[in-house]
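**Q** next comes the sequence, and after it the predicted model I'd like to discuss.
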Amino acid sequence: MAGKIKLKIGNSVIVKPTVLDPDLGTDISGWQGRISEINPENNSICIDWDSITLKNIPSEVIFKCEEEGLDWSQIYLEPTSSSS
């Protein structure tokens, strides 16, 4: 990664095109929410999905998350800059 990304808890973020959910392999391009946690030790952020994204999550994704004991209202991802 070229530069340091300036992320703060509460920032709104949108998932970049072609990004897949690391647990399910589902395309989550364009999903959006707010950063609720930043973990520099493992280079991850927690995104709490916003109400529009939650409303549009396919029921099969919710079902699969429930089946696997995953929280479908948020996700942990590795941050990247908006220009990469």
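**A** Received the coordinates, thanks.

**Q** so how far is residue 40 from the nearest residue to residue 53 once chain neighbours are set aside?
**A** Among residues not flanking residue 53 along the chain, residue 31 sits closest, at 4.7 Å (CB to CB, 6 or more residues apart in numbering). All C-beta spots, glycine's among them, are computed from the backbone N, C-alpha and C. Distance, residue 31 to residue 40, by CB to CB, to the nearest Å: 23 Å.

**Q** what about the residue nearest to residue 53, neighbour count?
**A** A count of nearby residues for residue 31, using other CB atoms under 10 Å, gives 21.

**Q** list the contacts for it?
**A** 14-15, 49, 53 (CB atoms under 8 Å, 6 or more residues apart in numbering).

**Q** how far away is it from residue 16?
**A** Going from residue 31 to residue 16 by CB to CB gives 10 Å.

**Q** cool, and residue 9?
**A** Distance of residue 9 to residue 16, given as CB to CB: 20 Å.

**Q** what does residue 64 give?
**A** Residue 64 is 22 Å from residue 16, by CB to CB.

**Q** neighbour count for the two, which is higher?
**A** Between residue 64 and residue 16, counted using other CB under 10 Å, residue 64 has the larger neighbour count: 17 against 14.

**Q** what about that one, which SS state?
**A** Using DSSP: H, G, I helix; E, B strand; the rest coil, the structure places residue 64 in helix.

**Q** please identify which helix or strand holds the residue nearest to it when sequence neighbours are not counted.
**A** Sequence neighbours aside, residue 24 is the residue nearest to residue 64 in space, at 5.8 Å (criterion: CB to CB, 6+ apart). Under DSSP states H and E, no helix or strand contains residue 24.

**Q** for residue 24, give me its contacts.
**A** 61, 64-65, 68, 70.

**Q** wait, residue 66 sits on residue 72?
**A** Yes - under the criterion of CB atoms under 8 Å, residue 66 makes contact with residue 72 at 7.4 Å.

**Q** higher neighbour count, those two?
**A** Neighbour count, other CB under 10 Å: between residue 66 and residue 72, residue 72 has more, with 17 against 11.

**Q** tell me the contacts of the more buried one?
**A** So residue 72 contacts 57, 61-62, 65-66 (CB under 8 Å, 6+ apart).
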